[in-house]
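Participant: The following block contains a protein sequence and its predicted model.
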Amino acid sequence: MTAWHLVTASLAIAAACALPESATAAVPASAGESIYLRGVLGSGAPLAGTQESAGTSTQGADAACVNCHQRSGLGSTEGSIFIPPITSDYLFHDHAHGGDAPPLPYGESTHGNRSAYTPATLARAIREGVDPEGRTLSSLMPRYALDDADMGALVEYLKSLAVHRVPGVTPSVLHFATIFTPDADPVKRRGVLDVLEHYMVEQRFSPGKRRWQLHVWQLAGAATTWQTQLEQNLHREPVFAVLSGLGGSDWGPVHDFCEQNAIPCLFPNVEVPVASDGDFYSLYFSKGVLLEAELIGTELARLARDAPHLVVVQVYRAGDSGQAAAHVLTTKLREHGLSVRDQILTAGGASGRGVAAALREAGKADALVLWLRPDDIAALGSPPAVRHVYLSGLMGGLEVIPLPASWRRVARLAYPFDTPDHRGAQLDYPLGWFSFRKIPIVAEQVQVDTYLACSLMTEVSQHLANSYVRPYLIEQLQGMVEHGLVTGYYPHLTLGYRQQFASKGGYIARLTEEHGTVQVVADSAWIVP
């Protein structure tokens, strides 16, 4: 974020607050949110700001207030530049130290001494660049061309930005939900829940902190009914955030529910997350099989430079996670002019059924991509005469994938984690934590990810300064994830503004056998598609 963005957002807020309340009726109430979050005026035109001293301007999303003041309105820092909060309880209160008013629950030491803004002083701030005390604002501060209607709508939106009572938070308890879809693997479900329940118990004995309370939301039936079930659960058990959880091939309804209700959904264990640039409240460790598709697509696009007529065949079972991955890969490969065919196996069919016929068809291809589960992989038989074979490591079982020995020479795995020989030290603490508490390891990767989600929530709680505001939680996580000492299965984790996925790459790997032990070895550098 540049200094230009920092001061741009600040003036937008001041401009909004300078208008009389009567101006708010001229535009839809959503116009204020649109200006703040997207830099779009009530008319649909882009927000524009001008820095008079430099003769430069910015507009649209680059001029949006959220770039610097964040969705919560609680501000941020960029190096030595401090971006103040612009919530209603900050703007319209006197910040002179020594007053009778209690300090605000965030960053009181950085508020500075100034009186409360009024329409007149805010108008002067936007026109003359001085604060209520007559002090000159930054020379980088731009001026905004907002009419009265847009400014009125924005000030109404700002009134909603406040540190107030949040559902799921009491003086002594933080309430969390964890969500399981009906098609979630029952073995992994048991492992995830075991970690969560032990973690919740330990939080109850942390002195001076709110204890954590877990609510298990088990969904049932068709995905079309999940929204109603989730709404009913939320009404019955208000929660601050959704923590971990486990999905099958469809997490979309849960993702949409969290976005619509502005509930943080923190690092669920899902193979097919929802990737949307416009969403904010859902954070994932990885893009799962969608990332694997991008990894394989990157490799096939590289091969196609020497073989432009490469023909690719994909095999997956209808309704499984591989269907979404195959769609992503098809889109990517067709952008490079490659021919792609799908061999679709019956949903829920018996292990291995239909695989032999699909492989016979694939024998006419140059590359074969298998989005298959362990039972189907174990039944593969002899490999066809295909030069390049790729499998989903995530669906196939990672390093315990039951790939027949005859396939190992030609087959490669999409591997969205660090390789086993490099991640050992990062697993020492979570595995030791499991061992001390006698937690059975039934699905190591998802259990470690669940532990990591809980530990990140513990760490971020220490930075909230008692400001349990849902968007502020997301913002704090975005800033601190990369500083965590434990990264579990991932070589590194980072999140930034408008980023959903903390791990952004992976390997193309191969299987080797040494002294009777099958090992996963990276066959590429770390790839970030």
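Facilitator: It's in.

Participant: Where does pLDDT dip in the stretch 151-300 of the chain?
Facilitator: Within the stretch 151-300 of the chain, the segments meeting pLDDT under 70 span 205-208.

Participant: Ignore what I typed, I meant the chain.
Facilitator: 1-29, 52-54, 78-79, 95-113, 119-120, 122-124, 126-129, 137-142, 205-208.

Participant: how far away is the residue lying farthest from the centre of it from Val166?
Facilitator: For the chain, the largest distance from the centre (C-alpha atoms, centre = their mean) belongs to Gly134, which lies 42.2 Å off. As for Gly134, its distance to Val166 is 37 Å (criterion: C-beta to C-beta, to the nearest Å). Backbone N, C-alpha and C define where each C-beta goes, glycine included.

Participant: ok, now Ser43?
Facilitator: Distance from Ser43 to Val166, by C-beta to C-beta: 34 Å.

Participant: between those two, who's got more neighbours?
Facilitator: Using other C-beta atoms under 10 Å, the more surrounded residue of Ser43 and Val166 is Val166, with 17 against 11.

Participant: Report the contact partners of that one.
Facilitator: 240, 468-470 (C-beta atoms under 8 Å, 6 or more residues apart in numbering).

Participant: how about a cut-off of 10 Å?
Facilitator: Residues in contact with Val166, defined by C-beta atoms under 10 Å, 6 or more residues apart in numbering, are 174, 238, 240-241, 467-470, 472-473.

Participant: Give me the three-state assignment for it.
Facilitator: coil (DSSP: H, G, I helix; E, B strand; the rest coil).

Participant: ok, and the closest non-adjacent residue to Val386?
Facilitator: Leu368 (4.6 Å; C-beta to C-beta, 6 or more residues apart in numbering).

Participant: Please apply the same query to Arg143.
Facilitator: Nearest to Arg143 is Thr50, by C-beta to C-beta, 6+ apart, at 5.4 Å.

Participant: give me the beta-bridge partners of the one you found?
Facilitator: Ser57, Arg143 (DSSP bridges).

Participant: distance of it from Asp366?
Facilitator: Distance, Thr50 to Asp366, by C-beta to C-beta: 56 Å.

Participant: ok, now Ser249?
Facilitator: 28 Å.

Participant: export the contacts of Val166 to a markdown table and tack on neighbour count, distance to Pro529 and secondary structure?
Facilitator: Putting these into a markdown table (neighbours: other C-beta atoms under 10 Å; distance: C-beta to C-beta, whole Å; DSSP: H, G, I helix; E, B strand; the rest coil) gives the following:
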| residue | neighbour count | distance to Pro529 | secondary structure |
| --- | --- | --- | --- |
| Leu174 | 22 | 36 | strand |
| Pro238 | 16 | 39 | coil |
| Phe240 | 25 | 34 | coil |
| Ala241 | 22 | 29 | strand |
| Ser467 | 19 | 36 | coil |
| Tyr468 | 21 | 36 | coil |
| Val469 | 24 | 34 | coil |
| Arg470 | 21 | 30 | helix |
| Tyr472 | 26 | 31 | helix |
| Leu473 | 24 | 29 | helix |
